[in-house]
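Colleague: fold the following.
(4 chains)
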There are 2 protein chains.
Amino acid sequence: MKLITRDTDYAVRALCFIAKKRGEIVAASQLVKELKIPRPFLRKILQVLNRKGVLNSYKGIGGGFLLAIPAERIYLLDLVKIFQGQFKLNDCLFKKKICPNINTCNLRKKIMNIQNYALKELRPVSIACLIGRRK
Amino acid sequence: MKLITRDTDYAVRALCFIAKKRGEIVAASQLVKELKIPRPFLRKILQVLNRKGVLNSYKGIGGGFLLAIPAERIYLLDLVKIFQGQFKLNDCLFKKKICPNINTCNLRKKIMNIQNYALKELRPVSIACLIGRRK
DNA sequence: ACAAATGATACTACTGTGGTATCATTATGC
DNA sequence: GCATAATGATACCACAGTAGTATCATTTGT
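Modeller: Here you go, the predicted structure:
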């Protein structure tokens, strides 16, 4: 069971790297070398980030990527949402028919608690925060 | 993303039902009717619970299942372990090579926090607790 | 002996994750 | 203006986990 999948993780690392370059255009090849992420997989991830408006892309020689918004405003939870969908810990188990069995309601509350705690912890986490520029 | 899979959930419901019967032998067919769980799937789950020593089984006419240990000592986390393996929120993402990138360490700490909170919340939860007999 | 229950085991379908491969498009520098 | 170096778009593939089915063997009460 994992909170964060590999593509989200790779996205975070790539964005941290790009953020640290502070305005310097970073090509996929550079990221591949530095972060040891399989090239085509990383490219796909970067393209998604571009489509979602997190990165700007530049084609041609000397091209690559730049943050489209400041690192302080790129939130982990948004990245999770992009690659994994809405953050939920009780996906489709209980939500369909609201508790067919009363027993599990109790359990559901516990899970909701945990989810809320997780959200509270994760909500403020941004790329800036992960590279030590915030908090 | 889900904390608890369907088989764990079904196991919980079945155990709650059996616990409420207080010593009365419960057959799979009865559980199928009451809990609306697909019969062969439920049977498989019950067999696992029997092998793991959570349930005792009785063959033949009038046979079925009984709790092998008191409901107070059947813990949710043990059931999770049986059906999903050890409870971990950062499965195999970071543990292999400890943080290839220093950036993610920060993130890893957050996830560990969440996991610890989740464990603290879930550890005391037993079948007895879920049917309202404890706490 | 028969029927009603579980035991054991093997198989199937679907979905999400983690990728790969290919071709099209755009921009730069000579 | 052409080669080249970059990204864009898209389709495909392999594997593992989840969810569930199917079948036959065994035990037990009447």
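Colleague: for the closest residue to residue A:68 other than its chain neighbours, give me the pLDDT.
Modeller: Nearest non-adjacent residue to residue A:68, counting by Cβ to Cβ, 6 or more residues apart in numbering or on different chains: residue A:56, 4.6 Å away. All C-beta spots, glycine's among them, are computed from the backbone N, C-alpha and C. If you check residue A:56, the pLDDT there is 98.
Colleague: distance of residue A:56 relative to residue A:69?
Modeller: As defined by Cβ to Cβ, to the nearest Å, residue A:56 lies at a distance of 9 Å from residue A:69.
Colleague: and chain A, which residues reach DNA strand D?
Modeller: Residues of chain A lying close to DNA strand D by Cβ under 7 Å from any atom of the strand are A:1, A:27-29, A:43-44, A:46-47, A:50-51, A:57-65, A:93.
Colleague: in strands, which of these fall?
Modeller: Judged by DSSP state E, the subset of these located in strands is A:57, A:58, A:64, A:65.
Colleague: helices of chain A, start to end?
Modeller: A:6-20, A:28-35, A:39-51, A:76-84, A:102-122, A:127-130 (DSSP state H).
Colleague: and the last one, which residues are buried?
Modeller: Across helix A:127-130, burial judged by 16 or more other Cβ atoms under 10 Å in any protein chain shown covers A:127, A:128, A:129, A:130.
Colleague: show me the contacts for the residue most central in space within chain A.
Modeller: Chain A has residue A:79 as the residue nearest its centroid, 2.6 Å off, counting by Cα atoms, centre = their mean. Residue A:79 makes contacts with A:8, A:11, A:12, A:15, A:54, as judged by Cβ atoms under 8 Å, 6 or more residues apart in numbering or on different chains.
Colleague: export stretch A:42-52 as CSV, just CAs?
Modeller: Provided in CSV are the C-alpha atoms of stretch A:42-52 (Å, rounded to 0.1, in the frame of the first residue of the first chain):
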residue,chain,number,x,y,z
LEU,A,42,10.4,10.9,-17.3
ARG,A,43,9.5,12.5,-20.6
LYS,A,44,5.9,11.4,-20.2
ILE,A,45,5.8,12.8,-16.7
LEU,A,46,7.3,16.1,-17.9
GLN,A,47,4.8,16.3,-20.7
VAL,A,48,1.9,15.9,-18.2
LEU,A,49,3.3,18.6,-16.0
ASN,A,50,3.5,20.8,-19.0
ARG,A,51,-0.1,20.1,-20.0
LYS,A,52,-1.2,20.7,-16.4
